[in-house]
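Participant: here you go, sequence then predicted model.
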Amino acid sequence: MALCTPIEGVRSVGPAALAVLMSVFGSVPCACAEDTLAFDEIAPHVYAHAGAVALPSSENRGDTSNFGFVVGDEAVAVIDAGGSLPVAREALAAIRRVTDKPVRYLILTHMHPDHVFGSRIFKDAGATIVGSAALGDALAARSDTYLASYRDQLGPALVEGVELLPPDRSVDGSLTLDLGHRALRLQTWPTAHTNTDLTVLDTTSGTLFAGDLVFLEHLPVIDGSLTGWLKDIESLKALPAARVVPGHGPSVAPFPAALEPEARYLETLKRDLDADIDAGLRLENAAASAAASEAANWQLFDAYNPRNATAAYAELEWQ
């Protein structure tokens, strides 16, 4: 269900309560607030927001990635921070319409701006920032580039005040966080989408927040390793999850079936580039044609496939 603003102080409701309200009122007695992002309750006490499948712009305010939150008996964990401070503020407002429990953690799944630019909002709300052990150095190294790039894409006003905050608590391998009778299992991964990838598994509901290790609809983007990503996909399949919040695309999808489209694309890209390299095709020619058979299956294909092919060509050429 989508998260609404209940009237007269009534909180947002789960599916069972929704059925009761529908039987009494014939409709849900609430009005969605214009200044609050829509979050779907994808499992009991687990909420996810689907960002636009689009390039970041002033029109979408950088709201181009998925993120969400989990509510335990004692506290809340937010997974990723959104792509701008206004987006993060609206997400925090949405949380407050569900619960007044403290936001104990902000867990960042990787370093990209569309997932971290709203971090300051949750830090100021009292959250401890948690991320991969490689995240702090990665953000420091790319800070100037990310800020300049988003200033061009979103406009200066939406970048004003953004800070790329390092983790207060780092993960190298696995870590379990307790929200009060609600355990979140965090796991870092060998370089794939990036070298800072981290997933979050809500063990109570079997919901996996995969960050950009899972793409749907939006073409996967390689900022790490093509071969590493294919290996990680095989390991991801073993996780005990029933559903996944992908980094981009719908707010939730069945797991592990959600891995199949990106695995097909990445395997196609590798197969085409291996053949081009064996044939002695130059980089610019290979990048123009690799994985062309996948173009109809993805949004933003023309924006990202040439750079994926360029990065993967350089990786595969040396293997």
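Facilitator: Thanks, I have it. On a predicted model such as this, the values are computed, not experimentally measured, just so you know.

Participant: low-confidence ranges in this structure?
Facilitator: Counting by pLDDT under 70, the ranges of the chain that qualify are 1-35.

Participant: and Tyr105, which helix or strand is it part of?
Facilitator: Using DSSP states H and E, Tyr105 maps to strand 103-107.

Participant: burial of Val98, as a residue count?
Facilitator: By other Cβ atoms under 10 Å, the residues close to Val98 number 18. Using the backbone N, CA and C atoms, a C-beta is placed for each residue, glycine as well.

Participant: that one and Leu208, how far apart?
Facilitator: To Leu208, Val98 is 21 Å away according to Cβ to Cβ, to the nearest Å.

Participant: now do the strand holding Tyr105: everything it contacts.
Facilitator: If you take Cβ atoms under 8 Å, 6 or more residues apart in numbering as the criterion, strand 103-107 is touched by 69, 74-81, 92, 95, 119, 122-123, 125-131, 177, 179, 184, 186, 198, 200, 209.

Participant: any of these buried? List them.
Facilitator: Buried members of the contacts of strand 103-107, counted by 16 or more other Cβ atoms under 10 Å: 69, 75-81, 92, 95, 119, 122-123, 125, 127-131, 177, 179, 184, 186, 198, 200, 209.

Participant: thought Gly206 was touching Ala242?
Facilitator: Yes - the pair Gly206 / Ala242 is scored as a contact, 3.9 Å apart, by Cβ atoms under 8 Å.

Participant: now do the contacts for the closest residue to Ser57 other than its chain neighbours.
Facilitator: Nearest residue to Ser57, sequence neighbours excluded (Cβ to Cβ, 6 or more residues apart in numbering): Gln153, at 6.1 Å. Listed by Cβ under 8 Å, 6+ apart, the contact set of Gln153 reads 55-58, 62.

Participant: same check on Gly136?
Facilitator: By Cβ under 8 Å, 6+ apart, the contact set of Gly136 is 166-167, 170.

Participant: for those, pick the one with the most neighbours.
Facilitator: Highest neighbour count within those: Pro167, with 22 neighbours (other Cβ under 10 Å).

Participant: before we move on, back to that, which SS class is the residue nearest to Ser57?
Facilitator: Three-state assignment for Gln153 (DSSP: H, G, I helix; E, B strand; the rest coil): helix.

Participant: and if you look at Ile129?
Facilitator: Secondary structure state of Ile129, per three-state DSSP, is strand.

Participant: identify the bridge partners of it.
Facilitator: With DSSP bridges applied, Ile129 shows beta-bridge pairing to Leu106.

Participant: quick check: Ser58 vs Ala94, distance?
Facilitator: Distance, Ser58 to Ala94, by Cβ to Cβ: 22 Å.

Participant: who has more neighbours, those two?
Facilitator: Ala94 (22 against 13).

Participant: quick one: contacts for the more buried one?
Facilitator: Ala94 touches 3, 36-39, 47, 49, counting by Cβ under 8 Å, 6+ apart.

Participant: can you list phi and psi of the spatially closest residue to Asp172 that is not a sequence neighbour for me?
Facilitator: Among residues not flanking Asp172 along the chain, Ala133 sits closest, at 4.0 Å (Cβ to Cβ, 6+ apart). Note on Ala133: its backbone torsions stand at phi -60, psi -20 [degrees, to the nearest 10].

Participant: by how many degrees do whichever strand or helix holds Leu213 and strand 103-107 diverge?
Facilitator: Taking DSSP H and E as the definition, Leu213 sits inside strand 207-215. For strand 207-215 against strand 103-107, the angle by axes from the mean of the first three to the mean of the last three Cα atoms, to 10 degrees is 30 degrees.

Participant: report all helices and strands that strand 207-215 contacts.
Facilitator: Strand 207-215 sits against strand 198-202, helix 226-236, strand 243-248, helix 259-278, with contacts defined as 3 or more Cβ pairs under 8 Å, 6 or more residues apart in numbering; DSSP states H and E.
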